[in-house]
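A.B. asks: Pasted the sequence and its predicted model underneath.
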Amino acid sequence: MHALTEQQVRRSFVNCSQGEAKGLALPKGFPDLVWPELELLGWRDPKAPLRGYLVVETPDGDQGRPVGIAVRAAESRMSPRTAAMCLLCQTAQGGDAVSLFTAKRTGAAGRNGNTIGTYMCADLGCADRVRTDIPPWLQDRNPAEVVADRAAELRERVRGFVDAVRR
Ligand SMILES: [Zn+2]
């Protein structure tokens, strides 16, 4: 991603109120993040435990345009002994590290209570995980290629999720 300012992040949200976007806590370390290593900026709100946020860059001509999605974690958690997988970064983890999140859809669908749900890393740290958590069956391949492939797949899946929220 290209580096974003606080104002760009707050203005990017498409499925929450302006008040919520203005009031949300920005991710730890903002704005000094390693932006080129982020396929998405994902974080949980420390002040609102079930809330989380994703900001991605969507292609818009030559320029990327940031789109933010507010998500809500399910209150019920899975057991750490259950095998679970984040459907964005496809990292297999214990159930307590993965959560079902729902996003209110944009426009009339959202106003009618329509949501999109998917399983994601509970901390929304997928961009880190594609770099650090390499599955055993990929460990004999060139690490740089594996990370590049996982990052490209993550970018595709996140965009798919954002498109579904906005459809
Ligand atoms: Zn993930």
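C.D. replies: All right, it came through fine.
A.B. asks: what about the strands in the protein?
C.D. replies: Along the chain, the segments classed as strands by DSSP state E run 41-44, 51-60, 63-73, 83-85, 92-94, 98-104, 115-121.
A.B. asks: Relative to residue 142, which of these is closest?
C.D. replies: For the strands of the chain, the distance to residue 142 is smallest for strand 92-94, at 21.4 Å, taking Cβ to Cβ. Quick note: C-beta positions are derived from backbone N, CA and C, even for glycine.
A.B. asks: neighbouring contacts of that closest one?
C.D. replies: Applying Cβ atoms under 8 Å, 6 or more residues apart in numbering, the set of residues contacting strand 92-94 from outside is 79-86, 121, 135.
A.B. asks: between the strands of the chain, which one is nearest to the ion?
C.D. replies: Closest to the ion of the strands of the chain, according to Cβ to the ion: strand 115-121, at 3.3 Å.
A.B. asks: Would you mark the buried spots in stretch 159-167?
C.D. replies: Across stretch 159-167, burial judged by 16 or more other Cβ atoms under 10 Å covers 159, 161-162, 165-166.
A.B. asks: CSV please, covering the strands of the chain and showing mean neighbour count.
C.D. replies: Listed next are the strands of the chain as CSV, based on neighbours: other Cβ atoms under 10 Å:
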stretch, mean neighbour count
strand 41-44, 22
strand 51-60, 19
strand 63-73, 19
strand 83-85, 15
strand 92-94, 15
strand 98-104, 21
strand 115-121, 19
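A.B. asks: Format these as a markdown table; extra columns: distance to residue 5 and mean pLDDT.
C.D. replies: Output for those, formatted as a markdown table (distance: least, Cβ to Cβ, whole Å; pLDDT from 0 to 100):
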| stretch | distance to residue 5 | mean pLDDT |
| --- | --- | --- |
| strand 41-44 | 12 | 98 |
| strand 51-60 | 12 | 91 |
| strand 63-73 | 10 | 92 |
| strand 83-85 | 34 | 95 |
| strand 92-94 | 33 | 94 |
| strand 98-104 | 24 | 97 |
| strand 115-121 | 25 | 97 |
